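Enquirer: Got a predicted structure here, sequence first:
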Amino acid sequence: MPATRGECQPSHCQFICAEQMPLHIGIVACSAEGAALCYRTICTEGTRLLGPHAHPEVSMHTPSLADYVRCLDREDWQGVGALMLTSAHKLAMIGADFLICPDNTLHGALADVAPRSKLPWLHIAEVVATEAAERGYRRLGLLGTRWLLGSEVYPQKLAARGLEWVAPSPDERQEINRIIMDELVYGVFKAQAVAFFQRVIGRMEDHGCQAVVLGCTEIPLIMDDGNSVLPTLDSTRLLARAALRRTVHGAAAPA
């Protein structure tokens, strides 16, 4: 019989009290590649906090990506929010304690979604902004989909920390969006895409940026500190690590 809160059940050679059980993470997913990277990070890095082979309970719900893209293409943020809430309600019903969304773009609807959700959320841009401030960065490059770069998702959270940012040019935004939506979400990783991101990040360095936000959860699949001229702020893994801290310590970042 599985352990439940309020009971103690034997696990291997020890007893784990319910009060010490990690919280159940609910993942409101959008694209498979970004969500999978977030999920893998939670499971593989959970051992640092919970011991060998251990990670918190994790559940994920994913509607068809096409449903989200149809809403995004017509700027239907109410539709985006409705899809997110459907996932949130299903995750609440199966016992999740709090929610994360490993998709930066969808956070454009979170301000309307969070008050209607039964469960609290971590905000990916708040997590990234906190990390940037703690590492002493003051001016950041920002990469992401055209929808994200046209939104207030990051500007609001970065400004609240007194941080400046530089966005790609209109032509760069168009190509970044194409790479993300036509290649990365399908698990297609090309050397030409890496080279393009490297050029964009190099221009951001020329404009005084001290680090770059990988503000699409698929970008870390091809870019990292090893091939970027600037230090990277990996939104996918930073969100996963914030969720791990939340599940163990119970300290949620504000939505």
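Expert: Structure's in. What do you need?

Enquirer: so the one residue sitting closest to the centre of the chain, which of the three states?
Expert: Nearest to the centroid of the C-alpha atoms of the chain, with distances taken as CA atoms, centre = their mean, sits P102, at 3.3 Å. Here P102 is coil, with the state taken from DSSP: H, G, I helix; E, B strand; the rest coil.

Enquirer: That one is in contact with A32, isn't it?
Expert: No: using CB atoms under 8 Å, P102 makes no contact with A32, being 10.5 Å away. C-beta: built from backbone N, CA, C; applies to glycine.

Enquirer: Which parts of the chain are helices?
Expert: Along the chain, counting by DSSP state H, helices occupy 32-45, 47-50, 65-73, 77-93, 110-113, 124-134, 146-149, 153-160, 170-182, 191-206, 235-249.

Enquirer: ok now the longest one, how far from the chain's centre?
Expert: For helix 77-93, the distance between its averaged C-alpha position and the chain's averaged C-alpha position is 16 Å (CA atoms, centre = their mean, to the nearest Å).

Enquirer: same question, the last one
Expert: Offset of helix 235-249 from its chain centre (CA atoms, centre = their mean): 9 Å.

Enquirer: Measure how it sits relative to helix 124-134, angle-wise.
Expert: For helix 235-249 against helix 124-134, the angle by axes from the mean of the first three to the mean of the last three CA atoms, to 10 degrees is 90 degrees.

Enquirer: Only alpha carbons, please: show helix 235-249 as PDB.
Expert: C-alpha atoms of helix 235-249 as PDB (Å, rounded to 0.1, in the frame of the first residue of the first chain):
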ATOM      1  CA  SER A 235      15.100  28.600 -17.700                       C
ATOM      2  CA  THR A 236      14.100  24.900 -18.000                       C
ATOM      3  CA  ARG A 237      16.600  23.600 -15.500                       C
ATOM      4  CA  LEU A 238      16.300  26.600 -13.200                       C
ATOM      5  CA  LEU A 239      12.500  26.000 -13.000                       C
ATOM      6  CA  ALA A 240      13.100  22.300 -12.300                       C
ATOM      7  CA  ARG A 241      15.500  23.100  -9.500                       C
ATOM      8  CA  ALA A 242      13.100  25.700  -8.000                       C
ATOM      9  CA  ALA A 243      10.400  23.000  -8.000                       C
ATOM     10  CA  LEU A 244      12.800  20.600  -6.200                       C
ATOM     11  CA  ARG A 245      13.500  23.200  -3.500                       C
ATOM     12  CA  ARG A 246       9.800  23.900  -3.200                       C
ATOM     13  CA  THR A 247       8.900  20.200  -2.900                       C
ATOM     14  CA  VAL A 248      11.500  19.700  -0.100                       C
ATOM     15  CA  HIS A 249      11.500  23.000   1.700                       C
END
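
Enquirer: Low-confidence bits of the chain, can you list those?
Expert: 1-20, 251-255 (pLDDT under 70).

Enquirer: can you put the helices of the chain in CSV and add mean neighbour count and distance to S59?
Expert: Below are these laid out as CSV (neighbours: other CB atoms under 10 Å; distance: least, CB to CB, whole Å):
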stretch, mean neighbour count, distance to S59
helix 32-45, 19, 10
helix 47-50, 14, 17
helix 65-73, 15, 19
helix 77-93, 18, 6
helix 110-113, 19, 18
helix 124-134, 21, 18
helix 146-149, 22, 25
helix 153-160, 19, 25
helix 170-182, 16, 26
helix 191-206, 16, 32
helix 235-249, 22, 12
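
Enquirer: Quick one, which of those gets closest to L214.
Expert: Shortest separation from L214 across the helices of the chain is recorded for helix 235-249, at 5.7 Å, computed as CB to CB.

Enquirer: returning to what we had before: now for the helices of the chain, which one comes closest to V229?
Expert: helix 191-206 (5.4 Å).

Enquirer: now what about the closest one, what contacts it?
Expert: If you take CB atoms under 8 Å, 6 or more residues apart in numbering as the criterion, helix 191-206 is touched by 141, 143, 166, 168, 172, 175-176, 179, 183-184, 212, 219, 222-223, 227-230.
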